[in-house]
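Novice: Any chance you can model this:
(one chain, ligands or ions: 2)
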Amino acid sequence: MNTKSKLLTGNEAIARGAWEAGVTVAAAYPGTPSTEILESLSTYDQVYAQWSVNEKVALEIASGASMEGARTLVAMKHVGLNVAADPFMTLAYTGVGGGLVIVTADDPAMHSSQNEQDNRYYALMAKVPLLEPSDSQEAKQYVIEAFRLSEKYDTPVLLRTTTRVSHSKSEVELLPRLDRIKPEYAKDSSKYVMIPGYGRPRRTNLINRWNRLAAHAENSPLHYIYRPACSQAPEVGMVTSGISYQYAREVFTGIDILKLGITCPLPQKLIQGFARGKKLLLVAEELEPFLEDQIKALGLGVEVAGKQYFPQQGELSLAIMKEAYTQLFGSRGQSPFSPAPQEVPSRPPVLCAGCSHRPVFYVLHKLKVRVMGDIGCYSLAVLPPLNAMDSLLCMGAGVGQALGMEKANPDIKGKVVSVIGDSTFFHSGITSLVDSVYNQGTGVIIILDNRTTAMTGHQANPGMGSTLQKEQVPVVLPEKIAEAAGVKNIQVVDPYQLEQLEKVIKKELARDELSVIVCRQECVLLKKEGIQERFFIDQAVCRDCGVCLKFGCPAIQVRKGKYLIDGIMCTSCGVCPSLCKFGAIKREGR
Ligand code: SF4
Ligand code: SF4
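Specialist: Ligands and ions are numbered 1, 2, ... in the order given. Next comes the predicted model:
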């Protein structure tokens, strides 16, 4: 590898591309698989990068910076675009000042998400161009091209990655940063103020722009046709994009492949030309038949197939490609690829030993209340042995769901709580808290404040007193927000104090008014003081009842019928002695 190239993940390559393109402002809310884009971009000079409280705000910040002439990048996971959909759809009308690129990182197979949506349809609905890179080099190159397109056509541009592109590493050529002069701000109300009188002509403008983008897409250098030296089946052609192309190239080695770089608007004439002389076009894509349906609608006079060979859920894989290959060409030659057996043992996810969320869910389970949950590490509390979550819909939804439940059935008073993390509270819990105050909810809202955005890798949030770029800033406390919203009953507790925690939850559940309980304890993975005390189970006292296992701490184990604490895993949170009514769980030296 020469000195001007580097191995980068797709996310790091996107950050590099943004820097090379001259981006000066970037915003995001962390979410797998997109998180590392902003983390990486924040380390470059000449870039202001921030975590926003949610994706909608991130896009609004980008919009303002773009009006000011800056090149601006916004990154989010696929469901984040749902949150940002409101400004996104109208941004397509107003267009941009400086180039504005939105990265949507889709998550086929739901590795770390609550659904498996295919965000290419957002591009189609908004009439916004969509680029799909298939490796890190393309990720970088496509970002730069996306900024060029954004400014040339006065439009936001979507860059869609999927998990494998976001997280896989490949070689990327490094180039210098573009020496770009930011244009002066020019007031233009008819472009940026979308009252109906100005919005209608912008709609006409949007449609005209779409037609020009379609013509551009036909001749884009981002498309590529792979033709094998020796064709195995000249009557078959494959159309693909993104990571699907990489799988296709490894398995369908003897087939013509049209790899699309811009998939929205679809380059119809290019596809028509590629289909000429073929009998079958095979469309390989993850999730929805986005390309397949549009290609079928072209009426090419050839058979078009896709989802009959490739699944509509989950990620594609070499094994799936091989299966499709065998179905099509079983007796006509062999693909050189043979999938390796997968022998990775499955491990159920579990809250860490000493996690401060565990005592809260242990108590809620014990009290047999309904728990309207939210997105965060604590969603694992739905699993045994805690089994303590009744819902998980989307960021911030639990608080509203609890209020809705209470309004539908006044008899559940005192039997329902909503649980939300600190970062999720800042993301979209504040508005539902205000709604609960306004509409006289009487439930209990528990805010799990572990002083970080733990699930995505410990990113900063407004409650931490520091920014993405490590500046010290004032701490925003959820209890102060609750107080300002008019909540009268606010408690701040240490969730490691199990008995006190249970007492407080019971007391607040008994009220006829809304309560907020902030359970504050730093995420165990961030604790710097290390192991303070050793805990063990005294075998002479233990009755082998197994009650302590119901707490779900992975450090409490049963081996050869004996209950014990694994000293390597134990983080000395100190909660478990109060679980054993026989006093068998002890601190060392006592
Ligand atoms: S709860 Fe106490 S007695 Fe029961 S298994 Fe655990 S340590 Fe032993
Ligand atoms: S003190 Fe007990 S509950 Fe806490 S981590 Fe150790 S074994 Fe688990």
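Novice: residues near residue 165, how many?
Specialist: 27 (other C-beta atoms under 10 Å). C-beta: built from backbone N, CA, C; applies to glycine.
Novice: which residues does it contact?
Specialist: Counting by C-beta atoms under 8 Å, 6 or more residues apart in numbering, residue 165 touches 10, 133, 134, 135, 136, 139, 242, 243.
Novice: for the lowest-mean-pLDDT helix or strand in the chain, the distance to its chain's centre please.
Specialist: Of all helical and strand segments in the chain, the minimum by mean pLDDT, DSSP states H and E falls on helix 318-329, at a mean of 91. When distances are taken as C-alpha atoms, centre = their mean, to the nearest Å, helix 318-329 is centred 30 Å away from the chain's centroid.
Novice: Report all helices and strands that the next helix or strand after it contacts.
Specialist: Per DSSP states H and E, the first helix or strand lying C-terminal to helix 318-329 is helix 357-367. Contact partners of helix 357-367 among helices and strands, from 3 or more C-beta pairs under 8 Å, 6 or more residues apart in numbering; DSSP states H and E: strand 416-421, strand 444-449, helix 498-509.
Novice: Residue numbers of the protein in contact with ligand 1?
Specialist: 537, 542-548, 563, 579-580, 582, 584-585 (C-beta under 6 Å from any ligand atom).
Novice: Would you mind giving me the ChimeraX syntax to select the buried ones in those residues?
Specialist: A single ChimeraX command selects the buried members of the residues of the chain next to ligand 1 (16 or more other C-beta atoms under 10 Å):
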select :537,542,548,563,579,580,584,585
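Novice: Out of the residues of the chain next to ligand 1, which two sit at the greatest distance?
Specialist: Distance extremes for these: the farthest pair is 544 and 579 at 14.3 Å, using C-beta to C-beta.
Novice: State whether residue 14 is indeed within a helix.
Specialist: Yes - using DSSP: H, G, I helix; E, B strand; the rest coil, the secondary structure at residue 14 is a helix.
Novice: Using CSV, write out every CA atom in the longest helix anywhere in the chain.
Specialist: The longest helix of the chain (DSSP state H) is helix 196-218. In CSV, the C-alpha atoms belonging to helix 196-218 read as follows (Å, rounded to 0.1, in the frame of the first residue of the first chain):
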residue,chain,number,x,y,z
PRO,A,196,-47.9,28.3,-0.1
GLY,A,197,-47.3,31.2,-2.5
TYR,A,198,-43.6,30.5,-2.7
GLY,A,199,-43.9,26.7,-2.2
ARG,A,200,-46.0,26.1,-5.3
PRO,A,201,-43.4,27.4,-7.8
ARG,A,202,-40.8,25.5,-5.8
ARG,A,203,-42.8,22.3,-6.5
THR,A,204,-42.6,23.0,-10.2
ASN,A,205,-38.9,23.7,-9.8
LEU,A,206,-38.5,20.3,-8.0
ILE,A,207,-40.1,18.4,-10.8
ASN,A,208,-38.0,20.2,-13.5
ARG,A,209,-34.9,19.5,-11.4
TRP,A,210,-35.9,15.8,-11.1
ASN,A,211,-36.0,15.6,-14.9
ARG,A,212,-32.6,17.2,-15.2
LEU,A,213,-31.2,14.8,-12.5
ALA,A,214,-32.7,11.8,-14.5
ALA,A,215,-30.7,12.9,-17.6
HIS,A,216,-27.6,13.3,-15.4
ALA,A,217,-28.0,9.8,-13.9
GLU,A,218,-28.0,8.3,-17.4
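Novice: other SSEs contacting that helix?
Specialist: Applying 3+ C-beta pairs under 8 Å, 6+ apart, we find helix 196-218 packed against helix 85-94, helix 136-153, helix 189-192, helix 268-275.
Novice: shaky segments in this protein?
Specialist: Across the chain, residues meeting the criterion (pLDDT under 70) sit at 1-3, 331-343, 530-531, 589-590.
Novice: ok, for the residue in the stretch 101-250 of the chain that ligand 2 sits nearest to, nearest residue in space, not its chain neighbours?
Specialist: In the stretch 101-250 of the chain, the residue that lies nearest ligand 2 is residue 112 (24.4 Å; C-beta to the nearest ligand atom). Among residues not flanking residue 112 along the chain, residue 32 sits closest, at 3.9 Å (C-beta to C-beta, 6 or more residues apart in numbering).
Novice: Tally up the residues packed near the one you found, please.
Specialist: Neighbours around residue 32, by other C-beta under 10 Å: 18.
Novice: three-state assignment of it?
Specialist: Quick answer, by three-state DSSP: residue 32 is coil.
Novice: Need the helices and strands packed on helix 357-367 in TSV (columns: distance to ligand 2 and mean neighbour count).
Specialist: As requested, the helices and strands packed on helix 357-367 are exported to TSV (distance: least, C-beta to the nearest ligand atom, whole Å; neighbours: other C-beta atoms under 10 Å):
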stretch	distance to ligand 2	mean neighbour count
strand 416-421	20	28
strand 444-449	17	28
helix 498-509	10	17
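Novice: Export the ones you listed as JSON lines, with columns for distance to residue 55.
Specialist: Listed next are the helices and strands packed on helix 357-367 as JSON lines, based on distance: least, C-beta to C-beta, whole Å:
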{"stretch": "strand 416-421", "distance to residue 55": "16"}
{"stretch": "strand 444-449", "distance to residue 55": "21"}
{"stretch": "helix 498-509", "distance to residue 55": "32"}
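Novice: residues contacting the residue of the stretch 1-150 of the chain found nearest ligand 1?
Specialist: Relative to ligand 1, the nearest point of the stretch 1-150 of the chain is residue 112 (33.0 Å; C-beta to the nearest ligand atom). Residue 112 makes contact with 32, 33, 455, according to C-beta under 8 Å, 6+ apart.
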